[in-house]
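Asker: quick one, structure for this:
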Amino acid sequence: MHNHRQLSVSPAQAPRLLNEVRDVIRRKHYSLRSEQSYVDWINPRKCDGV
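Answerer: Residues are numbered from 1 along each chain as shown. Sure, this is the predicted structure:
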């Protein structure tokens, strides 16, 4: 069972968070598609209605 929590990330924090996410994903050798999916999911500027 997954614990889904809503992330509250300000636009100022987003670039740093996204870089950290990319670093972790790359260290775990995830595919580039997976990396992009996670980054798109987190990135608040790509949300509908924003």
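Asker: what helix or strand is Tyr30 located in?
Answerer: Using DSSP states H and E, Tyr30 sits in no helix or strand.
Asker: burial count for it?
Answerer: 14 (other Cβ atoms under 10 Å). In short, each C-beta sits where N, CA and C put it, glycine included.
Asker: can you list phi and psi of it for me?
Answerer: With angles defined as degrees, to the nearest 10, Tyr30 sits at phi -70, psi 160.
Asker: which stretches of this structure form helices?
Answerer: Assigned by DSSP state H, the helices in the chain fall at 14-27, 32-42.
Asker: and the last one, what does it pack against?
Answerer: Applying 3 or more Cβ pairs under 8 Å, 6 or more residues apart in numbering; DSSP states H and E, we find helix 32-42 packed against helix 14-27.
Asker: export the helix it packs on as CSV, just CAs?
Answerer: Below are the C-alpha coordinates for helix 14-27, written out as CSV (Å, rounded to 0.1, in the frame of the first residue of the first chain):
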residue,chain,number,x,y,z
ALA,A,14,11.0,23.7,-7.2
PRO,A,15,14.3,23.9,-9.2
ARG,A,16,16.3,22.7,-6.2
LEU,A,17,13.9,19.9,-5.5
LEU,A,18,13.8,18.8,-9.1
ASN,A,19,17.6,18.7,-9.3
GLU,A,20,17.6,16.5,-6.1
VAL,A,21,15.0,14.2,-7.6
ARG,A,22,17.0,13.9,-10.8
ASP,A,23,20.2,13.1,-8.9
VAL,A,24,18.5,10.3,-6.9
ILE,A,25,16.8,8.8,-10.0
ARG,A,26,20.1,8.8,-11.9
ARG,A,27,21.9,7.2,-9.0
